[in-house]
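Student: have a look at this prediction, sequence included:
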Amino acid sequence: GQNIDQPTEMTATEGAIVQINCTYQTSGFNGLFWYQQHAGEAPTFLSYNVLDGLEEKGRFSSFLSRSKGYSYLLLKELQMKDSASYLCAVETNTGFQKLVFGTGTRLLVSP
Amino acid sequence: GAVVSQHPSWVICKSGTSVKIECRSLDFQATTMFWYRQFPKQSLMLMATSNEGSKATYEQGVEKDKFLINHASLTLSTLTVTSAHPEDSSFYICSVQKRGGPYEQYFGPGTRLTVT
C-alpha cells in the first residue's frame, strides 16, 4: 500500500521560518516532489528530490532521507502569499511512474 | 514553462447528464496524461493514467465505465463523467508528463464540476 503523511495544518507569522514534514511508505520510490496549491487553483511545482540531502531554491529548501522515508520543506522569510496548501508527492516506480500525493498541509501565515 | 489548459474551467450540470472535460498540452507532446480528483480540503487523488493510443489505466475504486478517458492525440486527453451524480461534484485536475523527460508533471488549472 501507499501511505504518505503530513500535518494537516500549520500556522506561522510573517518573516518566520516554517518546516513542513512528510513521511512516506510506498511500494516504490523514484523521487519526491513538493507542490504548492492555493485554494481553487492547480498545484505548482516547488522542488524535486532524488538523492539524500538538501536542495535549496531561494526561500524554499527541501530535504530528503530515503532510508528514513522522510522529507521536509523549509520556507524562510515567510510572506503572506505563502499561505497555501503544500503537497508532498512520491514518484513511485510502479506502472507509469505516477505520483502519489500526501494529505497536504494547509499553511496560514499571519501578520 | 509548460502550459496545460483545461476546458471548461467550471461547469454545472444536472444529475444524470454527462460532462466532458478537455485537457490540452500546449507546449509539448505528452505521452502520458494523468487525471486527478480533489474534494474540498483534501489532497489530489489519482483517478487514471491516460496513454496516447491505448486504453487508460484506472486506479482501484475508480469506475472505468463512469469516467471515460480518451487520449486521442499527443496533446489532448478528455475525461467524460457519465450519468453524473451530486457526489461526483469535485475539482478535476489533469497533468501532463513531457515526452522524453525530465519527469515532472505540469498541472492544468482544473475544472470545477457541480452536479445539481
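Tutor: Perfect, thanks for sending it.
Student: can you pull the residues of chain A lying near chain B?
Tutor: A:30-31, A:33, A:35, A:40-45, A:48, A:87, A:91, A:95-104, A:106 (Cβ under 8 Å from any Cβ of the partner chain). Quick note: C-beta positions are derived from backbone N, CA and C, even for glycine.
Student: among the residues you listed, which ones are in strands?
Tutor: A:31, A:33, A:35, A:44, A:45, A:48, A:87, A:91, A:99, A:100, A:101, A:106 (DSSP state E).
Student: remind me what the lowest-mean-pLDDT helix or strand in chain A packs against, helices and strands.
Tutor: Least confident helix or strand, chain A: strand A:99-101 with a mean of 88, by mean pLDDT, DSSP states H and E. For strand A:99-101, the elements it packs on are strand A:84-91, strand B:45-51, judged by 3 or more Cβ pairs under 8 Å, 6 or more residues apart in numbering or on different chains; DSSP states H and E.
Student: and the contacts of that strand?
Tutor: A:2, A:4, A:26, A:33, A:87-92, B:34, B:36, B:43-46, B:95, B:105 (Cβ atoms under 8 Å, 6 or more residues apart in numbering or on different chains).
Student: who's in contact with residue B:94?
Tutor: Contacts of residue B:94 (Cβ under 8 Å, 6+ apart): B:4, B:6, B:21, B:23, B:33, B:34, B:35, B:36, B:77, B:79, B:107, B:108.
Student: quick check on the residues you listed: which are buried?
Tutor: B:4, B:6, B:21, B:23, B:33, B:34, B:35, B:36, B:77, B:79, B:107, B:108 (16 or more other Cβ atoms under 10 Å in any protein chain shown).
Student: those into JSON lines, with extra columns for distance to residue A:10 and pLDDT?
Tutor: As requested, the buried ones among the contacts of residue B:94 are exported to JSON lines (distance: Cβ to Cβ, whole Å; pLDDT from 0 to 100):
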{"residue": "B:4", "distance to residue A:10": "29", "pLDDT": "91"}
{"residue": "B:6", "distance to residue A:10": "30", "pLDDT": "94"}
{"residue": "B:21", "distance to residue A:10": "33", "pLDDT": "97"}
{"residue": "B:23", "distance to residue A:10": "32", "pLDDT": "95"}
{"residue": "B:33", "distance to residue A:10": "32", "pLDDT": "90"}
{"residue": "B:34", "distance to residue A:10": "28", "pLDDT": "92"}
{"residue": "B:35", "distance to residue A:10": "29", "pLDDT": "95"}
{"residue": "B:36", "distance to residue A:10": "23", "pLDDT": "95"}
{"residue": "B:77", "distance to residue A:10": "35", "pLDDT": "92"}
{"residue": "B:79", "distance to residue A:10": "33", "pLDDT": "96"}
{"residue": "B:107", "distance to residue A:10": "23", "pLDDT": "91"}
{"residue": "B:108", "distance to residue A:10": "27", "pLDDT": "92"}
